[in-house]
Structures are given as structure tokens and as C-alpha cells.
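Student: just need the structure, nothing else, for what follows:
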Amino acid sequence: MARAFPLEKLRNFGIVAHVDAGKTTTSERVLFYTGMSHKIGEVHDGATVTDWMEQERERGITITAAAISCNWTKTLETDRTSVALKHTFNIIDTPGHIDFTAEVKRSMRVLDGAVVVFDGAAGVEPQTETNWGYADEANVPRICFINKMDKLGADFDASVKSIHDRLSKKAVRIQLPIGREDSLAGVVDLITMKAYRFGGNMGIDVTEEDIPADMQEEAAKWRSEMIEKIVEHDDVLMEAFLEGNEPSNEDLKKTLRKAVIANEIFPVMTGSALKNIGVQLVLDAVVDYLPSPLDLPDIDGVDPDSNEAITRKASDEEPFCALAFKLQDDKFVGQLAFFRVYSGVVKAGSYILNSSTGNKERVGRIVRLMADKREEVEEVYAGEIAAMVGLKEIKTSHTLCDEAKPIVLEQIVFPEPVVAVRVEPKTKNDQEKMGVALKRLADEDPTFKVSTDEETLETIIAGMGELHLDIIVDRMKREFGVEANIGKPQVAYRETIQREAEAEHKYIKQSGGRGQYGHVKLRIRPLEALGEDETVAKNVTREDHFEFVNSIKGGAIPQEYIPAVMKGCKEAMARGFVAGYKMEDVSVELFDGSFHDVDSSEIAFKLAGINAFKEAAQKANAVILEPIMKVEVRTPEEYMGDINGNINSKRGLIEGTEELGGKTIVHAKVPLSEMFGYTNSLRSMTQGRASMTMEFDHYEVVPPNVAQEIKAARGVKGDDADA
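Tutor: Numbers count the residues shown, from 1 in each chain. Just a heads-up that it's a prediction; the model follows:
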């Protein structure tokens, strides 16, 4: 079976934004205009294609990233001809709520471009900043779509200014709205210098006309600025422009495409998805400016055996290589593993290597995706996104490849959970089912963690926020039939050390016959982040928030016992020493010790490592860390005094304010422990007229008085922890 379309006609892109900016509404228009659906579903009716989960339709928000495949035919206008070109889109509609940020992060890892949607009355919002940061990390080219220009308070210029101030100065407007709020009537394209209006059934008929007379001066001004920004990226065009020669529209588009793919320009477009204005032009822009897999650098990886760098080209002729970026439990077919093929071809029924685990797997079935619907296919080619059924040991971020040509791709790093709750089954019958349900949900979502309290043996679930955990419990009930009781939300505190310390421990045990002997000397210090040009030395093992340095000389401890010491240190860190929370950001150096020819063993050195680490930690000024949230409150001016006072009373730090869309935006950093229930108190303070968003920002040492309260709540006496 041959490839159905050439690779240069493929676009893999995501639709991303802050919650309630109109991503899903935009996606529904895309499906309608590309012919994939014959009726537009609306979020407020709970009838959308991409928001297919019951919880999404009930709450009117996107929870899980939905993948859809469709085709778009764009008419290519040149100076001489008009040609209709068919392109294939793989689109991922991502969540906008911070609690489901992992869906955006993993989607960015496998996408070639993104359409970032903004609320025309709100401009840049907190989750947009986070998503933009993920796109920066992954070097994903972007198009900006300022949506909701029909909304009361919509302001195109203010929205563009917020993009320049908070995201990037490289944003360049290539469209202008015709009117705004109730008078929004269409858009002006600054490249063609034509106006476009949208009529017929759901705006399907796009008509081109002259720019309204009252907008011609404004359009000429912004076109001139746009041309200046574009020609900066082509020396020939720049020279001609400086000599007074304006580039042709064809040259402008070619140069703009090159700049967008290089992340040097982010084109800004506008319209209203709800009012069916502007979406088709965004799809044309995806074709014109966002890259195909052939436009991007080759994918980098390493050989799992030799650790040497390898690259793979986006070609069907190369060895098969793909990244599993998402798992999803399907009640009809079992577990789906979403994957992006970077090179080669994979066929249903074939055997592949999971190079992350070293295990060989058989591909049962392969399906293309249409939100919750599936289309079975025999094979998938380079550049495409699909899902496999039947893989047994797959996890998010695993590399799948040709057995004969193994490669391991860079893993996706996810944020750590910040909120935890205790959960228990309601009945004995629910107990067994709960364990299965939690495991499957944790496999799907890398930001959802399950653990057991060693003292009480209670099950603890942790996630990115209260809504995240609420959805998890709701899914347990609906999808797995598990009824559960949950406790009050708890903050996911951490512990760390603040200074260097050394300790020595000899573990000696004699009980007749062979004894146990392990002797280690450790030095611990706060772990510092690596600089851009720094690499890890051969004697250093560096993991997430932990480093182990093997400085043993002259065989003082045999090599076979050193991993046991490292394991002991990691186990000690898992329990903490101030209030029993997990310790992180610690560098451990094993610099001396001794062994016994007969009595030494791995368990002896592991226990010696645990005890030496404990002794060193008690000298290293161990402290509790708490998550600090980036909080943004949007409020009418008259409530500013009450809100500022309330934030200050919560140990918050107000970092600044700004005006946008007739409201004042307060930017603050506040400890998570102070923010439970804040939405309700904000409504009370402002008669329901203010709104709030927050997301994790960083960990910070808690003040001494708060540390005492935390220790008391954990049943730890102050003197015990500080000894």
C-alpha cells in the first residue's frame, strides 16, 4: 500500500490557548470547513467532536488532547495561475486549563506547528504563557489567531500589544479586523490588500472585495510595517526594498514562510470562530507558513548500546522510528498508544522494538484518529500521527523503532504534582478495582502519581490541582465502576538541604556465621543546575533532582557495591528528615569507605548509605519547601484594595498590575497552601465580577513558623527534626 499523499503536503499542528479562549470552537469550524463533519457542534450545547468525554461536555472544558485527521484544499494563487492543492492535516486540540498542562507539553513534543488562540477581550492569559513556553522549548513555529473579536470589550490592538509585552516582539500582524464587537464583519489581509467576508451556511462562502474606504489608510500603515519585518529575513528583498521596490506578494509569502519556520516571525491573524469569521484563512495560513516534516531538522537520538548520537531523516526509506507521546484507555479496543512517526514505515501485525525498555513488541492494530472515533489502517508512514493497539509494556515517552536499527529519542519531561489527597474505596468490592483503575489512569497521565503512606498504609493520589484530581475520581467511577471517598486536598511539600555536610557510617552485624559489613563516607551538598555548556562527568550519575558522584579511589569500595550505596541514599531521600516529605536537589559524593572480603554485601552497603545520608542531612540544615503559584486576578478597578489586602494576608507577593479589556490584572506569587477555596472568597469579595487563574511557578523555603505548623500536623516534634 503506497503513501496516500506526498510528505510536503502534510501539516501536523496543535490548537492551543488559555481555557475559554475558543480552541474547541475553532476546532469544530476546522472540521466543518474541511468536510470531516457535516454539522458544527457547540461547546455550550455539549455537542462538540473534539470534547468527546462526558466530563468535557458537562463542564464545557477540554480535559484530554483530541487528535483529528482531515484534508484541506487551498487555492494557490500565483502571478500567472490558480492551482487547487490538497493538504492533509493532523490536528491536536489541547486543553487550556493548567491542571491538564501535561497534554499540551507532550503534544508540543510531536507537533510541527501550532495555532495559538487568544481571547480578543483578554489578550495573553496565564496558560497561554505556559503553552508558549512549551512551544519555545520544542522550537515549534506558531501562528497567532486573535479570536472572539465579536465579544464585548474585544480590542485587537491591545491584544497584539499583550503578545508583544508578555510573549514575543516577533509577532507581526498580517490581518486587521473589519469592525469589532457587534460590528465585526470580516478581515483585511495585509498581503493581498483585500477584504474578506464570510457568508452562506456557517460562513462557508468566502468573498473577496476591496478594503473599505475608511480602513485603507490604516491597512497601508500596517502593511508597510509588515513588509519591513518580513524583508529583514531576506537580503535580496531587503536591498530591493531599501531602493524603493516593494516585493511581490509571492516573494512576501515565501520569505514569511521561511521566517515562520525559523521562529523569527509569528503571524497574527484575527476573526471570530463562533461567528464563523476568519477560520478558513487560518487554514490557508497553516498551508502557507507552517512547516511540513520535510522543512524541519532531522530527529536526533542515541544508540541504546553505544550511546552514540544518531539522526533520522523524515523519509519512508529510513529505518522506522517513532515516539509514543500519549496513552489512552479505550473501553472497546483496550489501551491506545498515540505515536508520531519520525522516519520509516510501520505495519499492523509487524514486530518492533521498544528501545526504552529493550523489549520486542507486536503491533496488533493501527488506527487513525477522529477524537473518539477510529479508522483502522494497515500502515503508517514518516511524519504521520496515529495510534497502536496491542502494545503490552508501553509508557508515555517510550521510543519505538526498527529492531535492526535501534535508536532512543529524547524523553518528555513532565512537571511534578503539587496537590495530593487521600483516597479509599467505599466498599471491599471497590478495593481491588481501585488499584487497577489508578494504575491505568497513572499510565495515561504522567502528572498523576499514586503512592502509599508508609505509616497509615493509605493510598495517596497527587496531581496538578483540585480539578485534576476531581476528574480522576470521576473517571474512576464512570469508566471503572469504582466508588471512592477522598480526603481534603494536601500540598505536595518537598524537603532539601541548604549547606554542605559530611558523615561516616559503618554497618556491622555479627550473628554467628557470615556477618554484614559496609563502611561509607559521604559528602552532601545542594544540587546546582547544569550550565548550558556543562556536561556530566563519567563518575557522576545525574537524575531528576538528584546527583551521585563516585569519588572512590584505589578500590576502597569495590565497584559492585557502589550502586547499592546510591540506592540507599535515594531511599533515604524518599522519606525526608524534617517532616517526612520527599527530599530533592541533593548532590551526594561517596569519597571513601572500606569493605570486608567475606562479610561485605550489597545490603550492608545500602544500609550504610541510608544511615550515612541521614547523619549528613541532619547537619546540612534540611528545610521544607512549598509550591509557590503564579496567580493572576482580573477584576474591576473598585475591588483592587480588597484583593491586594487579601493576597497580602495569604503571604502573597504582588508583582505588578496592568489594564486590559476594561479590567485590572493583578500579578502575584502566593503559596499553594493559602489558595484552597480562593475562587469562592474572590466571588464574595467582588460580587462575582472577578476571575482568577493560577499555575505552579517554583518551590520556596517555608518560613520557620509555617514549618513548625507543618511538622505539628505530621506529628513531628520540632526538636526531633532539628537535632
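
Student: going forward, measure contacts and count neighbours with C-alpha atoms only.
Tutor: Fine.

Student: which phi and psi values does Ile366 adopt?
Tutor: Backbone geometry at Ile366, expressed as degrees, to the nearest 10, gives phi -120, psi 130.

Student: that one against Ile385, yeah?
Tutor: No - proximity of Ile366 to Ile385 does not meet the contact threshold set by C-alpha atoms under 8 Å, at 10.5 Å.

Student: higher neighbour count, the two?
Tutor: The neighbour count for Ile366 versus Ile385, taken as other C-alpha atoms under 10 Å, is higher for Ile385 (28 against 25).

Student: would you agree the more buried one is in contact with Phe338?
Tutor: Yes - Ile385 lies in contact with Phe338 (C-alpha under 8 Å); the separation is 7.3 Å.

Student: show me where the stretch 351-500 of the chain has its strands.
Tutor: 351-354, 359-362, 365-370, 373-377, 379-380, 385-389, 399-401, 408-409, 419-425, 449-452, 459-463, 484-486, 490-491, 494-496 (DSSP state E, counting those that start in this stretch).

Student: make TSV out of the ones you listed and add mean pLDDT and distance to Tyr289.
Tutor: Formatted as TSV, the entries for those read as follows, by pLDDT from 0 to 100; distance: least, C-alpha to C-alpha, whole Å:
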stretch	mean pLDDT	distance to Tyr289
strand 351-354	93	34
strand 359-362	92	38
strand 365-370	81	25
strand 373-377	78	29
strand 379-380	91	25
strand 385-389	89	20
strand 399-401	94	29
strand 408-409	93	27
strand 419-425	87	40
strand 449-452	86	39
strand 459-463	87	37
strand 484-486	86	48
strand 490-491	86	44
strand 494-496	93	44
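
Student: as TSV, these with distance to Lys582 would be great.
Tutor: Written out in TSV, the entries for the strands of the stretch 351-500 of the chain read as follows (distance: least, C-alpha to C-alpha, whole Å):
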stretch	distance to Lys582
strand 351-354	31
strand 359-362	31
strand 365-370	40
strand 373-377	41
strand 379-380	43
strand 385-389	36
strand 399-401	29
strand 408-409	29
strand 419-425	13
strand 449-452	12
strand 459-463	13
strand 484-486	22
strand 490-491	12
strand 494-496	5
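
Student: so of these, which one's packed in deepest?
Tutor: Of the strands of the stretch 351-500 of the chain, the one with the most neighbours on average (mean count of other C-alpha atoms under 10 Å) is strand 399-401, at a mean of 29.

Student: pull up the pairing partners for that one, direction included.
Tutor: According to DSSP bridges, strand 399-401 has the following sheet partners: strand 321-330 (antiparallel), strand 351-354 (antiparallel).

Student: out of those strands, nearest to His468?
Tutor: Each of those was checked against His468 via C-alpha to C-alpha, and the shortest separation belongs to strand 321-330, namely 16.2 Å.

Student: got the contact list for the closest one?
Tutor: When contacts are taken as C-alpha atoms under 8 Å, 6 or more residues apart in numbering, the neighbours of strand 321-330 outside the stretch itself are 106-107, 109-110, 312, 335-344, 394-402, 407, 409, 440, 443-445.

Student: out of the residues you listed, which are inside helices?
Tutor: Those of the contacts of strand 321-330 mapping onto helices are Arg106, Ser107, Arg109, Val110, Arg440, Asp443, Glu444, per DSSP state H.

Student: looking at these, which is nearest Gly515?
Tutor: Here the nearest of those to Gly515, counting by C-alpha to C-alpha, is Asp443; it sits at 42.0 Å.

Student: tell me how many other residues crowd the closest residue to the closest one other than its chain neighbours.
Tutor: The shortest distance from Asp443 to any residue other than its chain neighbours is 6.6 Å, reached at Lys395 (C-alpha to C-alpha, 6 or more residues apart in numbering). Counted with other C-alpha under 10 Å, the neighbours of Lys395 add up to 20.

Student: who's in contact with Lys395?
Tutor: Taking C-alpha under 8 Å, 6+ apart as the definition of contact, the neighbours of Lys395 are Ala324, Lys326, Leu327, Asp443.

Student: and the buried ones among the residues you listed, selectable in ChimeraX?
Tutor: Selecting only the buried members of the contacts of Lys395 in ChimeraX, with burial defined as 16 or more other C-alpha atoms under 10 Å, works like this:
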select :324,326,327,443
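
Student: excluding its backbone neighbours, what's nearest the residue positioned nearest the centre of the chain?
Tutor: For the chain, the residue sitting closest to the mean C-alpha position, by C-alpha atoms, centre = their mean, is Lys105 at 1.9 Å. With C-alpha to C-alpha, 6+ apart as the measure, Tyr134 is the residue that lies nearest to Lys105, at 5.9 Å, once sequence neighbours are left out.

Student: beyond the strand or helix carrying the one you found, next helix or strand please.
Tutor: The secondary structure element spanning Tyr134 is helix 126-138 (assigned by DSSP states H and E). The C-terminal neighbour of helix 126-138 among helices and strands, as given by DSSP H and E, is strand 142-147.

Student: from Met149, how far out is Val363?
Tutor: Per C-alpha to C-alpha, to the nearest Å, Val363 is found 47 Å from Met149.

Student: so between these two, which is more surrounded?
Tutor: A count of neighbours by other C-alpha under 10 Å puts Met149 above the other of Val363 and Met149, at 30 against 18.

Student: surely the more buried one is in a helix?
Tutor: No - using DSSP: H, G, I helix; E, B strand; the rest coil, the secondary structure at Met149 is coil, not a helix.

Student: in this structure it contacts Ser272, no?
Tutor: Yes - distance between Met149 and Ser272: 5.6 Å, which falls inside the contact criterion (C-alpha under 8 Å).

Student: how about the strands in the stretch 51-200 of the chain?
Tutor: 66-77, 82-93, 113-119, 142-147, 171-173, 175-178, 186-189, 194-199.

Student: kindly reformat these as JSON lines containing mean pLDDT, distance to Met566 and mean neighbour count.
Tutor: Formatted as JSON lines, the entries for those read as follows, by pLDDT from 0 to 100; distance: least, C-alpha to C-alpha, whole Å; neighbours: other C-alpha atoms under 10 Å:
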{"stretch": "strand 66-77", "mean pLDDT": "74", "distance to Met566": "41", "mean neighbour count": "18"}
{"stretch": "strand 82-93", "mean pLDDT": "76", "distance to Met566": "41", "mean neighbour count": "19"}
{"stretch": "strand 113-119", "mean pLDDT": "94", "distance to Met566": "42", "mean neighbour count": "26"}
{"stretch": "strand 142-147", "mean pLDDT": "96", "distance to Met566": "44", "mean neighbour count": "28"}
{"stretch": "strand 171-173", "mean pLDDT": "96", "distance to Met566": "48", "mean neighbour count": "22"}
{"stretch": "strand 175-178", "mean pLDDT": "96", "distance to Met566": "58", "mean neighbour count": "24"}
{"stretch": "strand 186-189", "mean pLDDT": "96", "distance to Met566": "62", "mean neighbour count": "24"}
{"stretch": "strand 194-199", "mean pLDDT": "94", "distance to Met566": "65", "mean neighbour count": "19"}
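
Student: list the neighbours of stretch 633-643 that are in contact with it.
Tutor: 662-667, 682, 685-686, 689-693.

Student: among those, which are in helices?
Tutor: Residues of the contacts of stretch 633-643 located in helices (DSSP H): Leu682, Met685, Thr686.

Student: now the buried members of those.
Tutor: Buried members of the ones in helices among the contacts of stretch 633-643, counted by 16+ other C-alpha under 10 Å: Leu682, Thr686.
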